[in-house]
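Colleague: Have a look; sequence and predicted model below, questions after that.
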Amino acid sequence: MNILSIQSHVAYGHVGNASAVFPMQRLGVEVWPIHTVQFSNHTGYGSWKGRVFDGPAIEELVDGIAERGVLERCDGVLSGYMGSADIGNAILGAVERVRALNPQALYCCDPVIGDVGRGVFVRPGIPEFMRDQALPAADIITPNQFELDYLSGLTTDSLNEVKRGVSTVQQFGPKAVLVTSVETRETPEDAVDMIAGEAGRFWRVRTPKLSLSVNGAGDAIAALFFVHYARSRSAPMALAEAAASVYGLLKRTEEAGSREILTIAAQDEFVSPTHRFTVEEV
């Protein structure tokens, strides 16, 4: 399997492609990474060095890959943090080029917009781009609960409201939806949910809440769910595998007291998770 992954990258730590690429490689996927930014570290540290690339830079790299005659062997495109609508347009252009050569290829969009407690943290115009252009183009989306609310225009305080939100965004295009970091009235205080929806059915995985705050976990979840879904074409199976791996990764990170997720040290969690959780249809 060959995946074109277009998102941000850091030299130190694990966010964007630095979080998503290695787990996919560990699962035996050939990944073609294109970076939308190249930073020294994630911006949560308060200072960083590096540059933001633009749409033409992304298009130039896609041109170079196309010249190798391999785009027809691309099985899917994964995108995350976009940085600007200019970059977003370049990503959607890459998706169109891949689909023209391989109609079976999938596009998974992690619609990075914001989060509970932080609100919207991307540049103006990006939320609207995600809703109006990226969402209709995607086969799979992996929003957190805050992003689901924005994309659906609903408030999701209960399980039924989350299901309604998923059904609403599916009307715009995505066949499969994974909602991360879900906390509703039904979620116990010591737990967190992930909910997947596909073809009018919904599944939930509930895992213990961990006492850590790290960047990059959502990027890893999106990548893992995408790979498992692309292989199985089953949302519940992809949900089970992604939830198990990410929980193990974050549990190891918590135990180490690390500010950065232990993508390398905990890599066995991607292929042989130490914890498994029940997937229940809801």
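Modeller: Perfect, I can see it now.
Colleague: can you give me the strands for the stretch 151-282 of the chain?
Modeller: With strands called from DSSP state E, counting those that start in this stretch, the stretch 151-282 of the chain shows them at 176-182, 191-198, 201-208, 279-281.
Colleague: Can you say which of those is packed in most?
Modeller: Mean neighbours per residue, mean count of other CB atoms under 10 Å, is largest over these for strand 176-182, with a mean of 24. The way it works is simple: take the backbone N, C-alpha and C, and place the C-beta from them, glycine included.
Colleague: Dump that one to CSV, restricted to CA.
Modeller: Provided in CSV are the C-alpha atoms of strand 176-182 (Å, rounded to 0.1, in the frame of the first residue of the first chain):
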residue,chain,number,x,y,z
ALA,A,176,-16.7,6.9,7.1
VAL,A,177,-16.3,9.3,10.0
LEU,A,178,-14.2,8.8,13.1
VAL,A,179,-14.9,11.2,16.0
THR,A,180,-12.1,11.4,18.6
SER,A,181,-12.0,12.9,22.1
VAL,A,182,-15.7,12.4,22.6
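Colleague: can you give me how far it is from the chain middle?
Modeller: Remark: strand 176-182 is offset 10 Å from the chain centroid, using CA atoms, centre = their mean, to the nearest Å.
Colleague: Locate the residue of this protein with the greatest distance from its centre.
Modeller: Here the centre of the chain is the reference, and by CA atoms, centre = their mean the most remote residue is residue 67, at 27.9 Å.
Colleague: Need the pLDDT of that one.
Modeller: pLDDT, residue 67: 97.
Colleague: Kindly report the same for residue 80.
Modeller: With respect to pLDDT, residue 80 scores 94.
Colleague: Then residue 101?
Modeller: Reported pLDDT for residue 101: 97.
Colleague: Surely it and residue 71 touch.
Modeller: Yes - Residue 101 lies in contact with residue 71 (CB atoms under 8 Å); the separation is 5.1 Å.
Colleague: and the strands of the stretch 151-282 of the chain as JSON lines, adding mean pLDDT and distance to residue 248?
Modeller: As requested, those are arranged in JSON lines below (pLDDT from 0 to 100; distance: least, CB to CB, whole Å):
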{"stretch": "strand 176-182", "mean pLDDT": "97", "distance to residue 248": "16"}
{"stretch": "strand 191-198", "mean pLDDT": "98", "distance to residue 248": "14"}
{"stretch": "strand 201-208", "mean pLDDT": "98", "distance to residue 248": "10"}
{"stretch": "strand 279-281", "mean pLDDT": "98", "distance to residue 248": "16"}
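Colleague: Fine by me, thanks again.
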